[in-house]
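Q: Give me a model of this one.
(4 chains)
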There are 2 protein chains.
Amino acid sequence: MKERRSSAKRDAILEVICSTDTHPTAEWVYTMLKPRYPGLSLGTVYRNLSEFRARGEIISVGIVGGQERFDGNTSQHAHLVCTKCGAVEDIGISSELDSGIVKEMEGDTFESESYRLTFYGTCKNCKNTG
Amino acid sequence: MKERRSSAKRDAILEVICSTDTHPTAEWVYTMLKPRYPGLSLGTVYRNLSEFRARGEIISVGIVGGQERFDGNTSQHAHLVCTKCGAVEDIGISSELDSGIVKEMEGDTFESESYRLTFYGTCKNCKNTG
DNA sequence: TTCGTTGCAAACATTTTGCAGTTTC
DNA sequence: GAAACTGCAAAATGTTTGCAACGAA
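A: Numbering: from 1, shown residues only, chains lettered A, B, ... in the order given. Okay, the predicted model is just below:
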């Protein structure tokens, strides 16, 4: 793997992702950091997010409303995606369910390394206001 | 819902999707039908796929390698996505696992309507050749 | 001095859309 | 004839990339 030099901007990008539970987009990260780093470029955000994802330092929740959503919480958990407002929430899953899911793949010719479990529906907020 | 008139092209698009297990992209559908319907436009494919998806006649597997993948099999099942070649395969899940997953959501403030379970890894083909 | 990192803007790829012509009912 | 459907091409969108300047080791 390539040598990695220290970079305040990269550190800040990771920190922003890890200190929120909103499952942000690249653009959101950029908007959050721009005031603090006026010279920041959107390309830099994209480049660092891709690298974090490739290294497993963050995970991708998938694409919601056309934009990729990221998550600094890399432990195994599922997600709730609101199809009305696009909000993404975490939901813990029991270890029984996790092992049940993992077991489903054992012995298959397909070699699975990870899985993603996503629920689609309406979040509390949209249910009340809508 | 809007009135729906008969259309040979629309029928063909749905038929192509339902008669393959490759989980095609819009472009693939277009390429497959273009010889038979020389006047076919990519926009028409996109429009009809969106409508099918909205009506629940097909489901979206999600975006793989930047392109949305579709599935004419609308019964509950999981998917395997090869991170090397982008192949998507179906995998049936036991009814016990399905109910375990559904149960995980019961009582939550989030109102879930569906879920998507996707495994990521290496397909048989890539494992052997790579 | 080396080479990783970044800003900038152009390039890219997929998907969406406006509009005018066509087809279905 | 009204309204749905389509082709076409332009637009919109999110993301990637080439390159020169910058910065860390």
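
Q: Any residue of whichever strand in chain A runs longest touching chain B?
A: Using DSSP state E, we find that the single longest strand of chain A is strand A:111-122. Yes: against chain B, strand A:111-122 shows contacts by C-beta under 8 Å from any C-beta of the partner chain at A:111-122. Using the backbone N, CA and C atoms, a C-beta is placed for each residue, glycine as well.

Q: Need the contact partners of the helix or strand just after that strand.
A: Next in sequence after strand A:111-122, counting helices and strands by DSSP states H and E, comes helix A:124-129. Helix A:124-129 is contacted by residues A:82, A:84-85, A:87, B:109-111 when judged by C-beta atoms under 8 Å, 6 or more residues apart in numbering or on different chains.

Q: got the buried residues for helix A:124-129?
A: For helix A:124-129, a neighbour-count test (16 or more other C-beta atoms under 10 Å in any protein chain shown) marks residue A:126 as buried.

Q: same thing with stretch A:44-51?
A: For stretch A:44-51, by 16+ other C-beta under 10 Å, it's A:44-45, A:48-49, A:51.

Q: pLDDT averaged over that stretch - what is it?
A: On average, the pLDDT along stretch A:44-51 is 98.

Q: Same question for stretch A:73-80.
A: Averaged across stretch A:73-80, pLDDT comes to 97.

Q: Can you give the distance of it from its chain's centre?
A: Offset of stretch A:73-80 from its chain centre (C-alpha atoms, centre = their mean, to the nearest Å): 8 Å.

Q: any residue of that stretch up close to chain B?
A: Yes: judged by C-beta under 8 Å from any C-beta, stretch A:73-80 and chain B are in contact via A:78, A:80.

Q: now swap in stretch A:43-56 and tell me
A: No: Stretch A:43-56 lies out of reach of chain B by C-beta under 8 Å from any C-beta, never closer than 11.0 Å.

Q: quick one: that stretch to chain centroid distance?
A: Here the centre of stretch A:43-56 is set off from its chain's centre by 12 Å, with C-alpha atoms, centre = their mean.

Q: Could you check how far the residue of chain A positioned farthest from its centre is from residue B:77?
A: Farthest-out residue of chain A from its mean C-alpha position, per C-alpha atoms, centre = their mean: residue A:107, at 28.9 Å. To residue B:77, residue A:107 is 17 Å away according to C-beta to C-beta, to the nearest Å.

Q: Repeat that for residue A:100.
A: Distance of residue A:100 to residue B:77, given as C-beta to C-beta: 15 Å.
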